[in-house]
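*Asks:* Fold the following and give me the result.
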Amino acid sequence: MSGLKFDDRMPKLISSKKHAVIDYVHVGVNFLAAALFFKRNKPAATAAFALGASVLANALMTDYELGVFRVISFKTHGLLDYGVAAASSAMQGIPGISDTAEAKFFRAQGAAESLIAGVTDYGDESGAKRKGRRLDDKLEMLKAA
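*Replies:* Numbers count the residues shown, from 1 in each chain. Purely as a prediction, here's the structure:
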């Protein structure tokens, strides 16, 4: 559960560790797509690179098994995943991308990201190491004060 009500009914099949692996594969797919798109469609290459960079930043900052800086919780990561899914789908509307083969890539990626986010157990904190010291925990404490 990412904190959004509409995904509560989906089965939670993906653990934090599996999701971490999927995140880094997702980064690689976007960077590879950026390289492949570069000669024929620079806007699509730029969009794929930007999405890959955002997924990489989210993964590196998450307090889960393969996170490096561990400043946001896995639950916050889930909320950001839905943002990445929406951004992926929206990329097909960028001038120079719409009505191209590259648009199909972004549409498929947005659908896959939404599905993965929906079936991930964002309540799984088995890989968390910084409970109580994460950035989003500090923000919650500030809101409560």
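
*Asks:* Only C-alpha atoms from now on, for both contacts and neighbour counts.
*Replies:* Noted.

*Asks:* tell me the contacts of residue 114?
*Replies:* 81, 82, 85 (C-alpha atoms under 8 Å, 6 or more residues apart in numbering).

*Asks:* Okay, and which of these map to helices?
*Replies:* When DSSP state H is applied, those are split such that 81, 82, 85 fall in helices.

*Asks:* Return the member of those residues nearest to residue 45.
*Replies:* The shortest gap between residue 45 and any of the ones in helices among the contacts of residue 114 belongs to residue 85, at 17.3 Å (C-alpha to C-alpha).

*Asks:* Need the pLDDT of that closest one.
*Replies:* On pLDDT, residue 85 comes in at 96.

*Asks:* need the next SSE after the longest helix belonging to the chain, C-terminal direction.
*Replies:* As assigned by DSSP H, the longest helix anywhere in the chain is helix 16-37. The first helix or strand that comes after helix 16-37 along the chain, using DSSP states H and E, is helix 42-61.

*Asks:* Flag every buried residue along stretch 109-126.
*Replies:* Neighbour-count burial for stretch 109-126 flags 109-110, 113-114, 116-125 (criterion: 16 or more other C-alpha atoms under 10 Å).
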